[in-house]
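Visitor: Based on what follows, work out the 3D shape:
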Amino acid sequence: MTAPLCPAFIGGAKAPVAQLVEQRPFKPVVAGSSPAGGIKMLKVFSREKDKKPESYRREGYIPGVIYGPNLESTPIIAQKKDFLKFYENYESGLFEVYLNEKKFLGILQEIQFHPITDEIIHFDIFVPSLEEKIITKVPLEFIGEAPGVKLGGIVNISLEELEIECLPQDIPQAIYVDLSSLKNIGDTIYVKDLKIPPNIRVLINPENPIATLIEESKIEEENQISAS
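Guide: Okay, here's the model as predicted:
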């Protein structure tokens, strides 16, 4: 039986493939822990059937929908200021959803953005069965310092998220990539180098590169080719 597909983020702009990673001191982290501490929470409300989504947006709400294998699809809204604060700290995994005084454990499955203003205009919350594995994507978070940067190298990022399969309660907030092994030009971190908990199965090729230390001149050449 194939696990349900649950992409963490479908909408929104992605960072460019080639980029210089911010250098930060290494700090031990545990997969599945929340960077801000504790599970996140969002309060939502049922939508009126005859009221259009745009009317809610003008009143300071963001429309959405909540659904799951044991929950009928329900149109909802969240206060814009509350949702933006929640979204700013959310990476992936389960969070508490309060709807009509009932608490659910949900996953932020899809975000839709306005094509011009880039504001969030709609969101989907998936309430999974905690007894069935799902397929989802979690972000990669880069930590530590690449020693090769001091020698003139640049950390080139080629993968920013990882597709995994696991139980919903085992979804990590992020999977951490330690850059301290990038000492010489050409050094590469691959998917197979990541420390993945045994209860999580990675669904992409373990030979896929994640980060490579390259010469700055190569980035300049690529930029010139892109501009021409």
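
Visitor: secondary structure class for the residue sitting furthest away from the middle of the chain?
Guide: Among the C-alpha atoms of the chain, the one most distant from their mean position (CA atoms, centre = their mean) is that of Asp50, at 33.4 Å. Here Asp50 is coil, with the state taken from DSSP: H, G, I helix; E, B strand; the rest coil.

Visitor: According to the record, where do the domains of the chain fall?
Guide: Recorded structural domains for the chain (assignment: automatic domain parsing) are 5-9+16-26+134-227, 41-126.

Visitor: Now mean pLDDT too, for the ones you listed, in JSON lines please.
Guide: Rendered in JSON lines, the data for the domains of the chain read as follows (pLDDT from 0 to 100):
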{"stretch": "domain 5-9+16-26+134-227", "mean pLDDT": "82"}
{"stretch": "domain 41-126", "mean pLDDT": "94"}
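
Visitor: how would you label Lys85: helix, strand or coil?
Guide: Lys85 ends up helix, using three-state DSSP.

Visitor: Against Gly64, how distant is it?
Guide: 15 Å (CB to CB, to the nearest Å). The way it works is simple: take the backbone N, C-alpha and C, and place the C-beta from them, glycine included.

Visitor: These two: which is more packed in?
Guide: Each of Lys85 and Gly64 had its neighbours counted (other CB atoms under 10 Å), and the higher figure belongs to Gly64 (26 against 13).

Visitor: Name the residues linked to the more buried one by a beta bridge.
Guide: Using DSSP bridges, the bridge partners assigned to Gly64 are Ile76, Phe123.

Visitor: strands paired with the longest strand along the chain, and their directions?
Guide: When the chain is scanned for its longest strand (criterion: DSSP state E), the result is strand 102-113. The pairing partners recorded for strand 102-113 under DSSP bridges are strand 95-99 (antiparallel), strand 120-126 (antiparallel).
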